[in-house]
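[1] here's my sequence, what's the structure:
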Amino acid sequence: MGGEVEGHSPPPGPPPLLTEQEASFLSRQGWMPCILPEPLRSELDCISTEAATFFRQDHATKSAIYPPRNGTECGYYVVPDEKEYITFRHRQHDDSALESHVRAAWKLAANLLRRVLYDLSTFHGFDPTVWEGMIQGCLELPSNDANLDTDISLMRVFQYHPNGLAEQHTDVGLVTLCVGGDDGLQMVDHTKTPKVWTSARWPVILIGEVASALMRGKAQAGVHRVVKNAAGRGSVVFTLRPCLKGTIDLKRFGGEGLVNVRDLFYKIKAEKHNINATQDLREQQRQELHRKRLGAEVARSPEPR
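    Next comes the predicted model:
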């Protein structure tokens, strides 16, 4: 990453991260590899080290430290025979070494992804500051859970077991950073015919569904999955999501009208099953979505004469 995008005024702040070629690649693929800057790289390494110690504890201890809340959206969660993970949404233990590195990495990763959004919107001719109202309150790990319903960005620390996986999906939010220490993460390469899966052996940035929708498909959402790794796999994921307050003026993205941020987010989320839930719950959600889509198709079908 590096260099200014020719033909556009740079957004306020530090120089652009993305070249014109990188912005084009990210828009077309929905993902791109990246080289992590310091000190973000070091903070993520420290998270991985501290997380390995955390995951070695017994289940009761882990659940007591980070009790699960809001389904899979906050705290410690286990998918039997597949994976376990912690979802950080707000500060809980200021004396925790793990959480101290999460706080530092959150701020660094959020500003990295904020810059990516700026550069991507500049490349497509949008005002780069259009994202500011959506991400304020998300650039640092919130100090408490008072706004858990609106400030929905998150950092997840995963420990995949040898049979652990995540089915093909796209993220709901704006943009995501995935950092893994071992093989397993794969993305769809849209430059190949037929399309193929390519393995990531480096950190990856992924465009989310909300950002893709707002940019009217000029940047597509990154399709990815996690496949089994016989040795298991650890990873850290930071997802920058929109703050669920207020409305967005679509004119700033070349469209018309206003859209409620919360409505947009949950409309997109309602079309997906939770790939990080237990197997039984995933299957239940898949069946519900299937019935919903069948019902919609029937409703659209012309009545017989």
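
[2] give me the number of residues near the closest residue to Val259 other than its chain neighbours?
    Setting aside the residues directly before and after it, Val259 is nearest to Ile248 in space (CB to CB, 6 or more residues apart in numbering), at 5.2 Å. C-beta: built from backbone N, CA, C; applies to glycine. When neighbours are counted by other CB atoms under 10 Å, Ile248 registers 21.

[3] assign Ile248 to helix, strand or coil.
    strand (DSSP: H, G, I helix; E, B strand; the rest coil).

[4] what are the ranges of the strands in the stretch 51-200 of the chain?
    Under the criterion DSSP state E, counting those that start in this stretch, strands of the stretch 51-200 of the chain are mapped to 75-79, 83-88, 154-160, 166-169, 175-180, 185-189, 196-199.

[5] and those strands, which is most packed in?
    strand 175-180 (a mean of 25; mean count of other CB atoms under 10 Å).

[6] partners of that one in the sheet?
    Strand 175-180 has the following sheet partners, assigned by DSSP bridges: strand 204-207 (antiparallel), strand 233-240 (antiparallel).

[7] dump those to CSV, plus mean neighbour count, mean pLDDT and distance to Val261.
    Listed next are the strands paired with strand 175-180 as CSV, based on neighbours: other CB atoms under 10 Å; pLDDT from 0 to 100; distance: least, CB to CB, whole Å:
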stretch, mean neighbour count, mean pLDDT, distance to Val261
strand 204-207, 24, 98, 17
strand 233-240, 24, 98, 14
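
[8] so Arg286 is in which element?
    Following DSSP states H and E, one finds Arg286 within helix 279-300.

[9] average model confidence for stretch 277-293?
    For stretch 277-293, mean pLDDT is 92.

[10] rewinding a little: which one of the strands paired with strand 175-180 lies closest to Arg91?
    Smallest distance to Arg91 across the strands paired with strand 175-180 (CB to CB): 15.5 Å, for strand 233-240.

[11] put the alpha carbons of the closest one into PDB.
    What follows is strand 233-240, C-alpha atoms only, in PDB (Å, rounded to 0.1, in the frame of the first residue of the first chain):
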ATOM      1  CA  ARG A 233      -5.500 -22.200  13.700                       C
ATOM      2  CA  GLY A 234      -5.500 -19.000  15.600                       C
ATOM      3  CA  SER A 235      -6.700 -15.700  14.200                       C
ATOM      4  CA  VAL A 236      -7.700 -12.100  15.100                       C
ATOM      5  CA  VAL A 237     -10.500 -10.300  13.200                       C
ATOM      6  CA  PHE A 238     -11.400  -6.700  13.500                       C
ATOM      7  CA  THR A 239     -14.700  -5.600  11.900                       C
ATOM      8  CA  LEU A 240     -15.500  -1.900  11.500                       C
END
